[in-house]
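Asker: have a look; sequence and predicted model below, questions after that.
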Amino acid sequence: MADELSRVFLWGIPRSLTTVFIKCLSYVDGIQIATQLYADAHFYGPDAELPVGGPQDPMGSKILELLKTDYKKSQMGTSGSDSSVLSLESIRGILEAPYPGKKVLFCRDQAQFLDGRYDMLPQGFKYSFIIRHPHRVLLSIKKFLLGYWGHFTDLRSLLPILFPPGCGYKELYDLFEYVRENIDPSPVVLDADDLLQDPARILSTYCSKMGIPYSDKLLSWEVGEDIVDQWIGTKICMANNHDHAYKHAFASEGFGAPAPVPELDSLPDDVQACVQFSMQYYEHLHHRRIVVNSDNK
């Protein structure tokens, strides 16, 4: 892959502002965004490890029904590729392909959906990671899953296809360590709350480290999801975007200031338990995040 295209990957966890982030970067001249290919393969592709379902597995049956409904809905006039044929091998082919006329290929996904298959990582990429405080993320995940799934009492009771055993943080940490030991000794880590607090300097520093052209024009954008049609993604992903699964991201016009971090004792018991499990992984990555000093220009 001896081309002039800069290939950049951003790995994250759910509810960590990655949709806002890629909407922002969509306005970089010559950029091509690829979004959540591993996520959709995890649920819908030929390598998906789906529950059995049936009378002995009511939760699995409900998951299968929800996935079936989402898949059918996505086939009705939505742009994008068919997730049912999206294998890990085919994803690597998509991400390693040439993109004539483009300067940057920027991919975002979540480490939990790679399922530890580091042997299938695409070649030629510079890797970065985005984190956010577990108090925010895990509470937001529970609220999101309650809206999608319906009532449940404990995040940890959900099947791994819905909520990973490492709460997303261990999976991200494990991938970070693999990249650090085998690909790049100094992967770039971005904290979403730092980005909200100081978008100009954090974003410009990130872009500089990742080889992405930066302009202050990236700090604001128009409301709406029309930019989605320029992304590489599956029909499922595009349908979710146009159905406002990410409504706050597409209603935004820029990076807003972060709200205070919720106190631990204000969180539901299951969320508290997941936070306590996740903090060691978050803190490890947080220690390595991009930091800009007050006198940096």
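Answerer: Looks like it came in fine. Bear in mind the structure is a predicted one, so any value in this text is a computation, not a measurement.
Asker: could you use CA atoms for every contact and neighbour count after this?
Answerer: Will do.
Asker: quick check: phi and psi at residue 107.
Answerer: For residue 107, the backbone dihedrals (degrees, to the nearest 10) come out as phi -120, psi 140.
Asker: can you tell me the number of residues neighbouring it?
Answerer: Other residues near residue 107 come to 22 when the count uses other C-alpha atoms under 10 Å.
Asker: ok, it to residue 125 distance?
Answerer: Plainly put, residue 107 is 10 Å away from residue 125 if you go by C-alpha to C-alpha, to the nearest Å.
Asker: now the helices for this protein?
Answerer: 18-25, 37-44, 58-74, 88-96, 134-149, 169-182, 192-197, 199-210, 235-242, 247-251, 269-286 (DSSP state H).
Asker: which stretch among these comes nearest residue 158?
Answerer: Of all these, helix 58-74 sits nearest to residue 158, with 8.1 Å by C-alpha to C-alpha.
Asker: against which helices or strands is that closest one packed?
Answerer: If you count contacts as 3 or more C-alpha pairs under 8 Å, 6 or more residues apart in numbering; DSSP states H and E, helix 58-74 packs onto helix 235-242.
Asker: poorly predicted segments of the stretch 1-150 of the chain, please.
Answerer: The model of the stretch 1-150 of the chain has pLDDT under 70 over residues 1-3, 71-80.
Asker: if you set the cut-off to 50 instead, what comes out?
Answerer: By pLDDT under 50, the weakly predicted segments of the stretch 1-150 of the chain are 1, 77.
Asker: okay, and the common contacts of residue 107 and residue 125?
Answerer: Contact criterion C-alpha atoms under 8 Å, 6 or more residues apart in numbering; residues shared by residue 107 and residue 125: 8, 9.
Asker: circling back to that earlier point, which of the helices of the chain is buried the deepest?
Answerer: Of all those, helix 37-44 carries the top mean neighbour count, a mean of 24, counting by mean count of other C-alpha atoms under 10 Å.
Asker: now stretch 214-224: average pLDDT?
Answerer: Average pLDDT, stretch 214-224: 92.
Asker: report the separation between residue 207 and residue 101.
Answerer: In terms of C-alpha to C-alpha, residue 207 sits 20 Å off from residue 101.
Asker: re earlier: out of the helices of the chain, which comes closest to residue 221?
Answerer: helix 18-25 (7.0 Å).
Asker: now that closest one against helix 199-210, angle please.
Answerer: In terms of direction (axes from the mean of the first three to the mean of the last three C-alpha atoms, to 10 degrees), helix 18-25 departs from helix 199-210 by 80 degrees.
Asker: name the helices or strands packed onto helix 18-25?
Answerer: helix 247-251.
Asker: tell me what the helix it packs on is packed against?
Answerer: Under the contact criterion of 3+ C-alpha pairs under 8 Å, 6+ apart, helix 247-251 touches helix 18-25.
Asker: run through who's touching the helix it packs on.
Answerer: Contact partners of helix 18-25, identified using C-alpha under 8 Å, 6+ apart, comprise 12, 31, 33, 108, 130, 218-221, 227-228, 246, 249-250, 252, 254-255.
Asker: and if you look at stretch 161-181?
Answerer: Contacts for stretch 161-181 (C-alpha under 8 Å, 6+ apart): 11-14, 42-43, 49-50, 110-112, 116, 118, 127, 129, 155-156, 185-187, 274, 278, 281-282, 284-285.
Asker: residue contacts, the closest residue in space to residue 63 that isn't next to it in sequence?
Answerer: Excluding its sequence neighbours, the residue lying closest to residue 63 (C-alpha to C-alpha, 6 or more residues apart in numbering) is residue 51, at 7.7 Å. By C-alpha under 8 Å, 6+ apart, the contact list for residue 51 reads 57, 60, 61, 63, 64.
Asker: contact partners for the residue of the chain positioned farthest from its centre?
Answerer: Going by C-alpha atoms, centre = their mean, the residue of the chain most distant from its centre is residue 55, 33.6 Å out. Listed by C-alpha under 8 Å, 6+ apart, residue 55 has no contact partners.
Asker: can you give me how far stretch 81-90 is from the chain middle?
Answerer: Computed by C-alpha atoms, centre = their mean, to the nearest Å, the chain-centroid distance of stretch 81-90 equals 18 Å.
Asker: got the buried residues for it?
Answerer: Neighbour-count burial for stretch 81-90 flags 81, 82, 83, 84, 86, 87, 88 (criterion: 16 or more other C-alpha atoms under 10 Å).
Asker: span of that stretch from start to end?
Answerer: OK, stretch 81-90 end separation, C-alpha to C-alpha: 12 Å.
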